[in-house]
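> From the sequence below, what's the structure:
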Amino acid sequence: MIRNKKHILLLVFACTFALAFVQGQDTSKRRSIDITSTFKPTLKETAKINFSASAPSVDTTRPKLSYNIPSQSLIFAYQPAELNPVALQIDSVDAWDYSNYIKAGIGTVHQPYVQAGFSFGNDKNSYFNIFANHYTSKGDLPFQKNSQTDLTLNGTIRVKNNNEFNGKIGFKSQDYYFYGYKPDSLKFTKDQLLQRFQTFEGKLNFRNTVPTEYGLTYNPNLYVSVFGNNHDPKGTEANTVLNLPLEKSFGRSLGFRMELSADLTNYRPTGSTNNSINNNLYLIKPTLLLKTPNVFLNGGIIPSWDRKEFTLLPNIMAEVTTNDQRFTIQAGWIGYYNKGSYQRYAALNPWIALPDSLLNTRVQERYAGFKGSINNHLNYSGKIGFNIYKNMPLFVNDFGDGKTFLTIYEPSMEVLQLHGEVAYTMGEIFSASAKLDFNQFTKLEREKKAWGLIPLELDASLKWRLMTDLWLRTDLFAWDGPEYRGKDGDAFKGTTGFDLSTGLEFRITKQFNLWLQLNNIFNNKYERWHQYQAYGFNILGGIVYSFGQKSSH
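Residues are numbered from 1 along each chain as shown. Sure, this is the predicted structure:
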């Protein structure tokens, strides 16, 4: 009941409020709209995307490329240089890279000059090369002439399991004349002055091109030669050298190398077996190797038997390099032998008399040096060494007319060596190099001076490709004169040598090239060996015929 009353009251209140609201409206008044401002409907301006037609700026920042090259297991042993009274090399422009060629020429001294090379086979399985050379030269002085003829066959045969055989057989004949006699009024026949050397030689080695599954690398090799002259009595010599190297790698950095060597010489100065000299040398070279990206170590000892006399030699070398391989410091204490043989002595001084004895030269070398590169084109190296030589061969003029040289041995001497080298290369277009060697000979036990050894020597060369088919080559040989012994035993200073040569070679057709050499341009008639004057200025030129080219310049 009460709820119904509430609903009735609420309905009455709502009706009353609606009626009051209707009565409040003034319906008599005219309806109107008052505008207080002008309305201009607009849209908001959008941002315009502008496209520029200009090219983007060039990024000149050089990218820094890093190459992670893994450490290699190849370890290259240091090869010491011999201290020898080196014979003067014949001037020659670099050989051209042909598979077959014939080079012929003639000049004011060389009459004639012939060189040839032929190749057979293929690079995959086997190939053979034949090289032949002959020249005859004649100077202005009586009997100032010599000639040489040599023939060599080289071959390589690859077999299964990554193995290959390499071999060489050759023959060489050399004629020299003793034209350096004093006084000049002496009379000799041609046969009395002729010295002819003949050499038969062969070499064979067997090696694996890829290490075995156990990390072994081997390269046994054998060299045999028979050497003799035309003297009466005729001196002959047989040489046999056998090397048995074996190297084992332990991972990328460690290695062990063992090498057995036998160097045998049988020399017969009278050509008779009753008067023969055996000069035999045996060596064992165990070596531990360590090679990392920055450090190379070679440590070992060399037990040696020189004509049954035992000597223990050092074999220690070290190299430390930077991360970019552009600078390396080197140091070492090593020992080795320079073999004493008639064949080797004749190559150093072709006017020697028959040696009455043969001794091996034992060398101990302590050195420190550096090498590196400034950029991709310029390389340099330098070294200082302190060496001790035992039984060093020296050559002195005989006490008669001086036309032959006697071989004598200095029991002991010390040598301070300085070596510097620099080279600049721009691909196949330009290359230049220079090498300087300084030697100070001290503490000789028997002789007054180091007869015939050069104290200061400079070698330089330049090769320049001037045009597509034109090459220029220049060579310079210069040295301070070596000491020589006079008839009374006193020491005298030899003449200074300066020999500048240049040559051109250019292609005229696909198979023919012309070449020209100007030797000893300044006509310096120096004496490398006392009483033996060198050829003066001379010209040599000719033509090259090539066929079956492997590659062209």
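> next structured bit after whichever strand or helix holds residue 412?
Per DSSP states H and E, residue 412 falls inside strand 405-426. Along the chain past strand 405-426, the next helix or strand (assigned with DSSP H and E) turns out to be strand 430-442.
> can you pull up the bridge partners for the closest residue to residue 156 other than its chain neighbours?
With CB to CB, 6 or more residues apart in numbering as the criterion, residue 156 has its nearest non-adjacent residue at 5.1 Å, and that residue is residue 166. C-betas here are computed from N, CA, C, even on glycine. Legend: beta-bridge partners of residue 166 under DSSP bridges are residue 156, residue 205.
> if we can go back for a sec, and the strand holding residue 412, what does it pack against?
Taking 3 or more CB pairs under 8 Å, 6 or more residues apart in numbering; DSSP states H and E as the contact definition, the neighbouring helices and strands of strand 405-426 are strand 378-397, strand 430-442.
> Report the angle between the very next helix or strand once past the shortest one and strand 405-426.
Sequence order places strand 456-467 as the next helix or strand after strand 430-442, per DSSP H and E. Computed by axes from the mean of the first three to the mean of the last three CA atoms, to 10 degrees, the angle separating strand 456-467 from strand 405-426 equals 40 degrees.
> Show me what counts as buried in the helix or strand following strand 456-467.
Counting by DSSP H and E, the element after strand 456-467 in chain order, helix or strand, is strand 470-479. Neighbour counts over strand 470-479 (16 or more other CB atoms under 10 Å) mark 471, 472, 473, 474, 475, 476, 477, 478, 479 as buried.
> Quick one: neighbours of residue 468, just the number.
Applying other CB atoms under 10 Å, we find 8 other residues in the vicinity of residue 468.
> Equivalent analysis for residue 265, please.
24.
> Residue 281 versus residue 491, what's the distance?
Applying CB to CB, to the nearest Å, the value for residue 491 to residue 281 is 32 Å.
> ok, now residue 137?
In this structure, residue 137 and residue 281 are separated by 36 Å, where distance is defined by CB to CB.
> follow-up on the earlier one: just say which of the helices and strands packed on strand 405-426 is most tucked in.
Using mean count of other CB atoms under 10 Å, the stretch among those with the greatest mean number of neighbours is strand 378-397 (a mean of 19).
> so what does that one touch, helix or strand wise?
strand 361-373, strand 405-426, strand 483-485.
> May I see those strands organised as JSON lines, with mean pLDDT added?
Converted to JSON lines, these look like this (pLDDT from 0 to 100):
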{"stretch": "strand 361-373", "mean pLDDT": "97"}
{"stretch": "strand 405-426", "mean pLDDT": "97"}
{"stretch": "strand 483-485", "mean pLDDT": "96"}
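> CSV for those strands, including mean neighbour count?
What follows is these, written out as CSV (neighbours: other CB atoms under 10 Å):
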stretch, mean neighbour count
strand 361-373, 18
strand 405-426, 17
strand 483-485, 22
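> Dump those to CSV, plus distance to residue 204.
Rendered in CSV, the data for the helices and strands packed on strand 378-397 read as follows (distance: least, CB to CB, whole Å):
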stretch, distance to residue 204
strand 361-373, 27
strand 405-426, 31
strand 483-485, 41
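> follow-up on the earlier one: just want to know which of residue 491 and residue 281 has more residues nearby.
residue 281 (19 against 13).
> pLDDT at that one, what is it?
According to the model's per-residue confidence, residue 281 sits at a pLDDT of 98.
> Please apply the same query to the one 3 residues further on.
The predicted local confidence for residue 284 comes out at a pLDDT of 98.
> Could you work out the end-to-end span of stretch 176-191 for me?
With CA to CA, to the nearest Å as the measure, the ends of stretch 176-191 fall 11 Å from one another.
> And that stretch, what's buried?
So, applying 16+ other CB under 10 Å, buried residues of stretch 176-191: 176, 177, 178, 179, 180, 181, 188.
> In CSV, list those along with distance to residue 462.
As requested, the buried residues of stretch 176-191 are exported to CSV (distance: CB to CB, whole Å):
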residue, distance to residue 462
176, 31
177, 34
178, 36
179, 33
180, 32
181, 38
188, 42
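> out of these, which are inside strands?
176, 177 (DSSP state E).
> And the buried residues of stretch 176-191, which is closest to residue 105?
The nearest member of those to residue 105, counting by CB to CB, is residue 176 at 21.5 Å.
> wait, what's in contact with the closest one?
146, 194, 195, 196, 197, 350, 351 (CB atoms under 8 Å, 6 or more residues apart in numbering).
> what about it, distance to residue 107?
Here the criterion is CB to CB. By it, residue 176 lies 19 Å from residue 107.
> ok, the residue nearest to residue 483 when sequence neighbours are not counted to residue 355 distance?
Spatial nearest neighbour of residue 483, chain neighbours left out: residue 449 (3.8 Å); criterion: CB to CB, 6+ apart. If you measure residue 449 against residue 355 using CB to CB, the figure is 20 Å.
> what does residue 138 give?
Taken as CB to CB, the spacing of residue 138 relative to residue 355 amounts to 29 Å.
> between the two, which one's more packed in?
Using other CB under 10 Å as the criterion, residue 138 and residue 355 rank with residue 355 on top: 22 against 16.
> list the contacts for the nearest residue in space to the more buried one that is not next to it in sequence?
Nearest residue to residue 355 in three dimensions, chain neighbours excluded: residue 407, at 4.4 Å (CB to CB, 6+ apart). By CB under 8 Å, 6+ apart, residue 407 lies in contact with 345, 352, 353, 355, 356, 357, 393, 394, 395.
> Let me have these in JSON lines, adding pLDDT and distance to residue 219 as columns.
What follows is those, written out as JSON lines (pLDDT from 0 to 100; distance: CB to CB, whole Å):
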{"residue": "345", "pLDDT": "97", "distance to residue 219": "28"}
{"residue": "352", "pLDDT": "95", "distance to residue 219": "34"}
{"residue": "353", "pLDDT": "94", "distance to residue 219": "38"}
{"residue": "355", "pLDDT": "94", "distance to residue 219": "32"}
{"residue": "356", "pLDDT": "92", "distance to residue 219": "37"}
{"residue": "357", "pLDDT": "94", "distance to residue 219": "33"}
{"residue": "393", "pLDDT": "97", "distance to residue 219": "30"}
{"residue": "394", "pLDDT": "97", "distance to residue 219": "35"}
{"residue": "395", "pLDDT": "97", "distance to residue 219": "35"}
